[in-house]
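*Asks:* Need coordinates for the following:
(one chain, ligands or ions: 2)
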Amino acid sequence: MDRNGVTEGEFEERGMNKCAEQVSHLALDIGGSLIKMVYFCGENSGSEHQQGILSSKESCGLSNGNTNCSVLGGKLHFRKFETSKINECLEFMSSKQFHRNGEDCHGASVSEKNIIKATGGGAFKFADLFKEKLGMTLDKVDEMNSLVAGANFLLKAASHEAYTYMDGQKEYVQIDQNDLYPYLLVNIGSGVSMIKVDGDGKFERVSGTSVGGGTFWGLGKLLTKCKSFDELLELSYSGNNRVIDMLVGDIYGGMDYSKIGLSSTAIASSFGKAVSEDKDLEEYKPEDVARSLLRMISNNIGQIAYLNALRFGLKRIFFGGFFIRGHAYTMDTISVAVNFWSNGEAKAMFLRHEGFLGALGAFMSYRKDGFADLMAHHLVEQVPTKPSRNAGGGLNNSKILKDGNENISIECTMQLSN
Ligand SMILES: Nc1ncnc2c1ncn2[C@@H]1O[C@H](COP(=O)(O)OP(=O)(O)O)[C@@H](O)[C@H]1O
Ligand SMILES: CC(C)(COP(=O)(O)O)[C@@H](O)C(=O)NCCC(=O)O
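*Replies:* Ligands and ions are numbered 1, 2, ... in the order given. Down below sits the predicted model:
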């Protein structure tokens, strides 16, 4: 059996079935295309972190007068599943025995473990399925609220979260916590939501577009016959959009239209060349089609995002959502669009945990409930002693572990008030 692309053998080898750790809190973001999962796995007693249980106000750093708290070491895990393969997600949860009855686990009591925070449309759509298959109740958290909470948390608490990407150069952006707001959050999921964020829990969804990640994947699948999203992204790497897109130079006899700031290589009309050429779809290379499509959608989102930033005088635009997938060409196109339309005034920034904002926000909402009074905002990303180089050549300081599925985990500590 294949579990989320991991064979049964590997599944066992990686210790997913007989995890020495125990899953305590878990949250889901069930979107139109993907299910995002964030869960905390505490380490066994006696471990380095567990020994660090604290009980003083200073040690916990609490400001609410609660002096009775413990610090739990472990890992915050991030996973994703395709929504159309929701059974893989259910199987995974079942293998983690997250729905298990009869045992108290790291601050979450038995009854609490049968209620999990969930956001996204699927929290409504699949509520009965979770109840039926796992006996679990989904406690619904608003999607926009979750996105904003996740983004705010990451921008404030995680080191090296936001970065710019231009001409193949990745540069991490130092975020000043006191100068974070306002900003525009553009979440590119199946569709696109644009949210003006003014503070913790203070936001307004100011725009959106239905031309998003679902459009890229849906049209791409039809036009290229690709079987997976990753295959489509891969194709776009090697394609040449100029074969299909009509450029300014194609219209202006190879010249720039400098009077209105358009170079001859700028796209005048996405897919426009296909009109005048007497060619069938089969005569175009799938990689060229994939590249044109990716460019068209990324460009369009970058432009709409900038226009909304302009509407509200916002200088910073953060892009999230799994459409991005850390894909160089996608980020480059969005960055160029924002840079072009703003005359270099605004900057596109990307988030390392791009697709997990909603799930993380839902996870954070545990702290609002009386139970465990989770101090998730005290999650601390552990920094390795030896910095490693990332693909963009910059220094990547955090201990992010990736497997083939881009399922990542962060070593962290979590404070629970007792
Ligand atoms: N493995 C994948 N399968 C399907 N779509 C993917 C995958 N990886 C990235 N994507 C892209 O991410 C989009 C979904 O992003 P996401 O932020 O998860 O939104 P949603 O909440 O709507 O599922 C898809 O529409 C697609 O463009
Ligand atoms: C409806 C949604 C919020 C759902 O979120 P998603 O699953 O796409 O992440 C999103 O698809 C969206 O904002 N669509 C754009 C709708 C519009 O403003 O035209």
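*Asks:* From now on I want contacts and neighbour counts done on CA atoms only, so please keep to that.
*Replies:* OK.
*Asks:* which residues touch the spatially most central residue of the chain?
*Replies:* A centroid search over the chain (Cα atoms, centre = their mean) returns residue 355, at 1.3 Å, as the residue closest to the centre. Residues in contact with residue 355, defined by Cα atoms under 8 Å, 6 or more residues apart in numbering, are 36, 189, 320, 321, 322, 323, 325.
*Asks:* one more time with 10 Å, if that's ok
*Replies:* 29, 34-36, 78-80, 147, 187-189, 319-326 (Cα atoms under 10 Å, 6 or more residues apart in numbering).
*Asks:* Name the SS class of it, please.
*Replies:* helix (DSSP: H, G, I helix; E, B strand; the rest coil).
*Asks:* Tell me how far it lies from residue 345.
*Replies:* Applying Cα to Cα, to the nearest Å, the value for residue 355 to residue 345 is 26 Å.
*Asks:* Where do the domain boundaries of this protein fall?
*Replies:* Using automatic domain parsing, the domains assigned to the chain come out as 2-141+357-417, 162-244+284-351.
*Asks:* looking at this protein, which helix or strand does the model trust least?
*Replies:* strand 395-396 (a mean of 26; mean pLDDT, DSSP states H and E).
*Asks:* The protein against ligand 2: which residues are in contact?
*Replies:* Contacts of the chain with ligand 2, taken as Cα under 6 Å from any ligand atom, map to 31, 32, 189, 190, 191, 192, 193, 207, 208, 209, 210.
*Asks:* Mind doing that once more with 8 Å?
*Replies:* With Cα under 8 Å from any ligand atom as the criterion, the chain meets ligand 2 at residues 30-34, 120-121, 143-144, 187-194, 207-214, 321.
*Asks:* how far does the host helix or strand of residue 132 sit from the chain's center?
*Replies:* In this structure, residue 132 sits in helix 127-134 according to DSSP states H and E. Put simply, helix 127-134 sits 25 Å off its chain's centre (Cα atoms, centre = their mean, to the nearest Å).
*Asks:* do stretch 330-337 as well
*Replies:* With Cα atoms, centre = their mean as the basis, stretch 330-337 stands 17 Å off its chain's centre.
*Asks:* Is there contact, residue-wise, from that stretch to ligand 1?
*Replies:* No: using Cα under 8 Å from any ligand atom, stretch 330-337 never reaches ligand 1; the gap is at least 11.0 Å.
*Asks:* Quick one: mean pLDDT for that stretch?
*Replies:* Stretch 330-337 shows a mean pLDDT of 95.
*Asks:* Kindly report the same for stretch 154-168.
*Replies:* Here the average pLDDT along stretch 154-168 is 91.
*Asks:* buried ones in the helix ranked longest in the chain?
*Replies:* The single longest helix within the chain, with elements called by DSSP state H, is helix 286-311. Neighbour-count burial for helix 286-311 flags 286-309 (criterion: 16 or more other Cα atoms under 10 Å).
*Asks:* and if you look at stretch 244-264?
*Replies:* Result for stretch 244-264 [16+ other Cα under 10 Å]: buried residues 244, 245, 246, 247, 248, 249, 250, 256, 262, 263, 264.
*Asks:* Give me the contact list for that stretch.
*Replies:* By Cα under 10 Å, 6+ apart, stretch 244-264 touches 241-242, 265-277, 284-285, 288-289, 291-293, 295-296, 340.
*Asks:* Could you pick out the buried ones from these?
*Replies:* 241-242, 266-268, 270-274, 288-289, 291-293, 295-296, 340.
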